[in-house]
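# missing the sequence, but the structure's below:
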């Protein structure tokens, strides 16, 4: 039995071939995860450089607290 993918090694038999297939799938998934993580980091770096600093807000509520003992 031969099973082959576009970028995966050919699998023959049920012993070592399935381990190779599993390792190839794992490597492909790790590469995809790494690319997604890099895209997330780049997106965060771009959005943080565009953000403006938060304005100082003076709230009138909660500045004076009455405490009765």
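Yep, it's here. Source: prediction; values computed, not measured.

# For the rest of this, base every contact and every neighbour count on C-alpha atoms.
Fine.

# Could you list the low-pLDDT ranges of the chain?
The model of the chain has pLDDT under 70 over residues 1-14, 47-62.

# mind listing the strands for it?
2-3, 11-12 (DSSP state E).

# Give me the neighbour count for residue 22.
13 (other Cα atoms under 10 Å).

# before we move on, what about the one 5 residues further on?
Burial measure for residue 27: 12 neighbouring residues, criterion other Cα under 10 Å.

# And residue 17, by the same measure?
16.

# quick one: it and residue 30, what's the gap?
According to Cα to Cα, to the nearest Å, residue 17 stands 20 Å off from residue 30.

# same question, residue 22
12 Å.

# One more: residue 63?
Residue 63 is 52 Å from residue 30, by Cα to Cα.

# Quick check on these two: which one has the bigger neighbour count.
Set residue 63 next to residue 30 and count neighbours by other Cα under 10 Å: residue 30 wins out with 12 against 8.

# residues touching the more buried one, list them.
Going by Cα atoms under 8 Å, 6 or more residues apart in numbering, residue 30 touches no other residue.

# How much space separates it from residue 19?
Counting by Cα to Cα - residue 30 and residue 19 are separated by 16 Å.

# Next: residue 43.
36 Å.

# Residue 41 now?
On the measure of Cα to Cα, residue 41 and residue 19 end up 33 Å apart.

# ditto for residue 44
37 Å.

# Equivalent analysis for residue 35, please.
When residue 35 is compared with residue 19 (using Cα to Cα), they lie 24 Å apart.

# Next up, phi/psi of residue 68, please.
phi -110, psi 130 (degrees, to the nearest 10).

# Near it, how many other residues are there?
Neighbour number of residue 68 under other Cα under 10 Å is 4.

# give me every residue that touches it.
Contacts of residue 68 by Cα under 8 Å, 6+ apart: none found.

# Alright, that wraps it up for me.
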